[in-house]
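In: 3D, please:
(2 chains)
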Protein chains: 2
Amino acid sequence: MLKGHQSWIFESKPTIISSAAVGGPFEGNGALSNDFDIITEDLWLGQDSYEKAEKVMLEHACNRAIEKANLQKEDINFFFSGDLMNQIITSSFAARTLAIPYLGIFGACSSSMEGLALAAQLIESKAAKYVLTSASSHNAAAEKQFRYPTDYGVQRPPTAQWTVTGAGAAVLAESGNGPKVTSATIGRVVDMGISDPYNVGAAMAPAAVDTIEAHFRDLGIDATHYDLIATGDLAKVGHEIANALFKKHKINMPEDIFTDCGLLIYSKDQPSFCGGSGCACSATVTYGHLLNRMRKGELKKILVVATGALMSPISFQQKESIPCVAHAVSIEM
Amino acid sequence: MLKGHQSWIFESKPTIISSAAVGGPFEGNGALSNDFDIITEDLWLGQDSYEKAEKVMLEHACNRAIEKANLQKEDINFFFSGDLMNQIITSSFAARTLAIPYLGIFGACSSSMEGLALAAQLIESKAAKYVLTSASSHNAAAEKQFRYPTDYGVQRPPTAQWTVTGAGAAVLAESGNGPKVTSATIGRVVDMGISDPYNVGAAMAPAAVDTIEAHFRDLGIDATHYDLIATGDLAKVGHEIANALFKKHKINMPEDIFTDCGLLIYSKDQPSFCGGSGCACSATVTYGHLLNRMRKGELKKILVVATGALMSPISFQQKESIPCVAHAVSIEM
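Out: Predicted coordinates:
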């Protein structure tokens, strides 16, 4: 049901009956290594390209989520998926393997929550019995496409973030055991004029703040409604900017509940520069770590605000700035 | 409401209260020139790149649709859009201009009906008052990205199709005057092993047939339920293959109701090779020509089956075949 201008309240509380997270070797050595269902030994997964490796990783996450839900893929009505590759080939090729009716989405790193919001919407309106939603990214595939192949060893500035190698997936149903999706806010595109692809955290922070403010306004709540509010991949620079914007806009955002998936995923001794990024950042941290904490009873109400930088190498070369978007989904145990 | 395994019945019959189609100069000289709201004089629209020109074209289509609905953009709750550019920059940059909460989608040339199905779903479930949905493509931008820049003058084989330069948009609401969206079928990805990007019609035909069969099965109807069934961009080669597949599967598909947007858009004396293709093919033919025919009373029940080839230049170079998908939406007057 529409609430305010851009939010949905899910009265039936669609249930995340299972979720799975797959991580690469760098993620497996990170701060959340225990929350991954599968940690791969290398970046290749037995494939001859990074793009194909990402596809296999996404298939692993989807298959594991379906298996944990005690379902067969034939039981799933619809499959939402998004990734960073041109023409989201990771998602489309995984959809070919899974053979589940497929709705491709693109919101860059906000794809995880765009998919979860739409999946919950389908369950809420009885347009599906089971929906699978997923998102993925691969460090070497993304760097090659958006910046430079990692083999070049190009020096990165300190504002750079580390694209997460991984995939996250979740199965939603009308009822069952598990965390419930209770509301969602779809973001508008915000662009403050930043054009540096090595500083996407700063570019995305205003979009995250815009969506969180809209969420509070539409639902008539404030930050204290939640135990935890996690943005997707603002990382260190973007997180500080978001905090400053909340202060400027006089929005209360207590430091102890406001965090970012890109700040959580790696350990401090890992050379991740500003922190994690990529579709898999919010997808693996949410579908692994955060939902695990909810299942253990450590968190009751969370808001995940996945952030996306909607540029392409062509738009960058044509001197465009970076339009950004953020979608928020609230989950309750 | 879910019907069968992969279809939705829209009991509230969401209304397409307005629609608009923008075409380039080649389309303006085509068979459906009278059905475009705007025909541009050249491929540039005053911009310094084809990508920026496509964005302006999409903005024109969206603004015209909003204007024809007697609405302001602030009235629209959500904006679905998809296109062929890497990271769907056309849609995302138009979403920046429009500032409407934005859900990016990607289904290649099936994006038009993916957007219309999801938009109708949001209206049906009272998750939105007004939804804008659109899709676009630009011949020179798409050829440059997927094949060769048009300036090279590369010789094209007879199976090639002509990517439509244009954009189509529609505004949906709970009620009002206009054609109603009554059902939709979301397709699975089908890949019969074709890898030639100059023969996408042949690659997509099995996906179109798979979705149409699922639509008939889920709804318990056959082809005679409709006055017209139009695929998106199978064009000449793909249309013949689809006809052969229906015969092989013993599905009745009368020749006089089965057509293709790619066969309709250009006149016979235009050098379009096999016919039209691109996201704008089904988007402009549906939101311009077909809805105009419905408004005139010439057609009462139609099924639009937009077809998408989900490959990228990278997947082609890595010797992958072309996964295809098709989404069907039924519209009644």
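In: hey, let's count contacts and neighbours off CA atoms from now on
Out: Fine.
In: so how many other residues sit close to the residue in the stretch 151-300 of chain A positioned nearest to chain B?
Out: Distance from chain B to each residue of the stretch 151-300 of chain A (C-alpha to the nearest C-alpha) is smallest for A:R188, at 3.9 Å. As a burial measure, the neighbour count of A:R188 was computed by other C-alpha atoms under 10 Å in any protein chain shown and equals 27.
In: Let me see the contact set for it.
Out: Applying C-alpha atoms under 8 Å, 6 or more residues apart in numbering or on different chains, one finds that A:R188 lies in contact with A:A207, A:D210, A:T211, A:V325, A:A326, B:A95, B:R96, B:A99, B:I100, B:P101, B:Y102.
In: One more pass at 6 Å, please.
Out: Under the criterion of C-alpha atoms under 6 Å, 6 or more residues apart in numbering or on different chains, the contact list for A:R188 reads A:V325, B:A99, B:I100, B:P101, B:Y102.
In: repeat for A:G178
Out: Counting by C-alpha under 6 Å, 6+ apart, A:G178 makes contact with A:T15, A:I16, A:I17.
In: hmm, back to that, out of the contacts of A:R188, name the ones that lie in strands.
Out: Within the contacts of A:R188, membership in strands is found for A:V325, B:Y102, as judged by DSSP state E.
In: Counting neighbours, which of the contacts of A:R188 comes out on top?
Out: Looking at those with neighbours defined as other C-alpha under 10 Å, the largest count falls to A:V325 at 36 neighbours.
In: which non-adjacent residue is nearest that one?
Out: Using C-alpha to C-alpha, 6 or more residues apart in numbering or on different chains and skipping the chain neighbours, the partner closest in space to A:V325 is A:V189 (4.8 Å).
In: Same question for A:R293.
Out: Closest to A:R293 by C-alpha to C-alpha, 6+ apart is A:L299, at 6.0 Å.
In: And that neighbour, how close does it get to B:A202?
Out: The gap separating A:L299 from B:A202 is 52 Å, by C-alpha to C-alpha, to the nearest Å.
In: same check, this time on A:G46
Out: Separation of A:G46 from B:A202 (C-alpha to C-alpha) stands at 31 Å.
In: Those two: who's more crowded?
Out: The neighbour count for A:G46 versus B:A202, taken as other C-alpha under 10 Å, is higher for B:A202 (22 against 12).
In: Verify the contact between that one and B:E240 for me.
Out: No - taking contact to mean C-alpha atoms under 6 Å, the distance of 8.8 Å between B:A202 and B:E240 leaves them out of contact.
In: Return the residues of chain A in contact with chain B.
Out: Applying the criterion C-alpha under 6 Å from any C-alpha of the partner chain, the portion of chain A that neighbours chain B consists of A:1-2, A:5-6, A:77, A:86-87, A:96, A:99-102, A:104-107, A:125-128, A:186-189, A:312.
In: Looking at those residues, which are in helices?
Out: Using DSSP state H, the subset of the residues of chain A next to chain B located in helices is A:R96.
In: Let me see the ranges of the helices in chain A.
Out: In chain A, the helices defined using DSSP H lie at A:25-28, A:50-68, A:89-98, A:111-124, A:139-146, A:200-219, A:235-248, A:261-264, A:279-284, A:291-295, A:313-317.
In: So which other helices or strands are in contact with the fourth one?
Out: What it means is helix A:111-124. Using 3 or more C-alpha pairs under 6 Å, 6 or more residues apart in numbering or on different chains; DSSP states H and E as the contact criterion, the elements in contact with helix A:111-124 are strand A:130-137.
In: The longest one now?
Out: Helix A:200-219 makes packing contacts with helix A:235-248, strand A:324-332 when contacts are defined by 3+ C-alpha pairs under 6 Å, 6+ apart.
In: helices or strands next to the longest one in the packing?
Out: What it means is helix A:235-248. Taking 3+ C-alpha pairs under 6 Å, 6+ apart as the contact cut, helix A:235-248 packs with helix A:200-219.
In: cool, and the last one?
Out: With contacts defined as 3+ C-alpha pairs under 6 Å, 6+ apart, the packing partners of strand A:324-332 are strand A:180-185, helix A:200-219, strand A:301-309.
In: so where's chain A shaky on pLDDT?
Out: Across chain A, not a single residue meets the criterion (pLDDT under 70).
In: leaving aside the residues next to it on the chain, what's closest to the spatially most central residue of chain A?
Out: Nearest to the geometric centre of chain A sits A:S282, at 3.1 Å (C-alpha atoms, centre = their mean). If you skip the residues right next to it in sequence, A:S282 has A:G232 as its closest partner in space, 4.7 Å away by C-alpha to C-alpha, 6+ apart.
In: pretty sure the one you found contacts A:C261?
Out: Yes - here A:G232 lies in contact with A:C261, judged by C-alpha under 6 Å, at a distance of 5.2 Å.
In: Identify the contacts common to those two.
Out: Contact criterion C-alpha under 6 Å, 6+ apart; residues bridging A:G232 and A:C261 by contacting each: A:S282.
In: ok, back up a step: looking at the helices and strands packed on strand A:324-332, which is closest to B:F316?
Out: When the helices and strands packed on strand A:324-332 are ranked by proximity to B:F316, the top entry is strand A:301-309, at 26.0 Å, counting by C-alpha to C-alpha.
In: Paired strands for the closest one, with orientation please.
Out: On the basis of DSSP bridges, the sheet neighbours of strand A:301-309 come out as strand A:228-231 (parallel), strand A:324-332 (antiparallel).
In: relative to helix B:89-98, how tilted is it?
Out: Regarding strand A:301-309 and helix B:89-98, their directions subtend 110 degrees when assessed with axes from the mean of the first three to the mean of the last three C-alpha atoms, to 10 degrees.
In: contacting residues around strand A:301-309?
Out: A:107-110, A:113, A:226-232, A:324-332.
In: just the angle between that strand and helix A:111-124, please?
Out: On the basis of the same axes, to 10 degrees, strand A:301-309 is oriented at 130 degrees to helix A:111-124.
In: quick one: strand A:301-309 to strand A:180-185, angle?
Out: With the same axes, to 10 degrees defining the directions, strand A:301-309 sits at 40 degrees from strand A:180-185.
In: Now do strand A:301-309 and helix A:200-219, the angle between them.
Out: With the same axes, to 10 degrees applied, the angle from strand A:301-309 to helix A:200-219 works out at 130 degrees.
In: sorry, back to before: return the most buried member of the helices and strands packed on helix A:200-219.
Out: strand A:324-332 (a mean of 29; mean count of other C-alpha atoms under 10 Å in any protein chain shown).
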